[in-house]
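**Student:** Quick one, structure for this:
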Amino acid sequence: MKCRLVAAGLVLLFPLGMAACGSQSKADACKEINNARDKALEQVDALSVFSGSEDFKNKLDVFLAIHKEAAKKVTNNDVKAAYADVITDMDKLADAMNNGADFYESDEVLDLNTELSAHGEKLNELCDFSWDR
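**Tutor:** Numbering: from 1, shown residues only. This next block holds a predicted model:
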């Protein structure tokens, strides 16, 4: 009987132990991403008005750096996986731009933007927020 009571007690305490060990809720993970998004948009807005591929590349670099830093704080498995996909897409896009791909005329950039949009929509649905202001 004592074993059953101990087992029942452990089962009841398990969720509290998970919280103490750093388990992150979906809402908290999404909040980290939303905070990064706001910070990135604020810093990007401080840069010059959009004027072409080079300006886009510079803004993407700022946006990407902020989101990579925020990703370190996202530990919820579902949100982390979706966020990693978005960051990977942004990384690929930045690499393409750094290797001379034209923002307006490159099929590679168009394909990467399509992937980024799809992964961004998945993250949007998961976190119930939009990348638009």
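
**Student:** how close does the most centrally placed residue in the chain get to C30?
**Tutor:** Nearest to the mean C-alpha position of the chain, by C-alpha atoms, centre = their mean, lies Y83 at 3.4 Å. Using C-beta to C-beta, to the nearest Å, we find Y83 at a distance of 9 Å from C30. In this view, the C-beta of every residue, glycine as well, is placed from N, C-alpha and C.

**Student:** does K57 really touch A94, like I thought?
**Tutor:** Yes. In this structure K57 lies within contact range of A94 using C-beta atoms under 8 Å: 7.1 Å.

**Student:** that older thread, please name the residues that touch the residue nearest to the centre of the chain.
**Tutor:** 29, 33, 67, 71, 74, 123 (C-beta atoms under 8 Å, 6 or more residues apart in numbering).

**Student:** what does V109 give?
**Tutor:** Counted by C-beta under 8 Å, 6+ apart, V109 has contacts 93, 96-97, 101-103.

**Student:** Apart from its neighbours in sequence, what residue is nearest it?
**Tutor:** Spatially, and ignoring its direct neighbours in sequence, V109 is nearest to A101 (5.0 Å; C-beta to C-beta, 6 or more residues apart in numbering).

**Student:** N35 too?
**Tutor:** A70 (7.0 Å).

**Student:** what does A36 give?
**Tutor:** Using C-beta to C-beta, 6+ apart, the nearest residue to A36 is A70, at 3.4 Å.

**Student:** how close does the one you found sit to E42?
**Tutor:** Taking C-beta to C-beta, one finds A70 at 14 Å from E42.

**Student:** Of those two, which one has the most company?
**Tutor:** Per other C-beta atoms under 10 Å, whichever of A70 and E42 has more neighbours is A70, with 20 against 10.

**Student:** wouldn't that one be in contact with D38 here?
**Tutor:** No. Using C-beta under 8 Å, A70 is not in contact with D38; the gap is 10.5 Å.

**Student:** Tell me how many other residues surround T88.
**Tutor:** Applying other C-beta under 10 Å, we find 13 other residues in the vicinity of T88.
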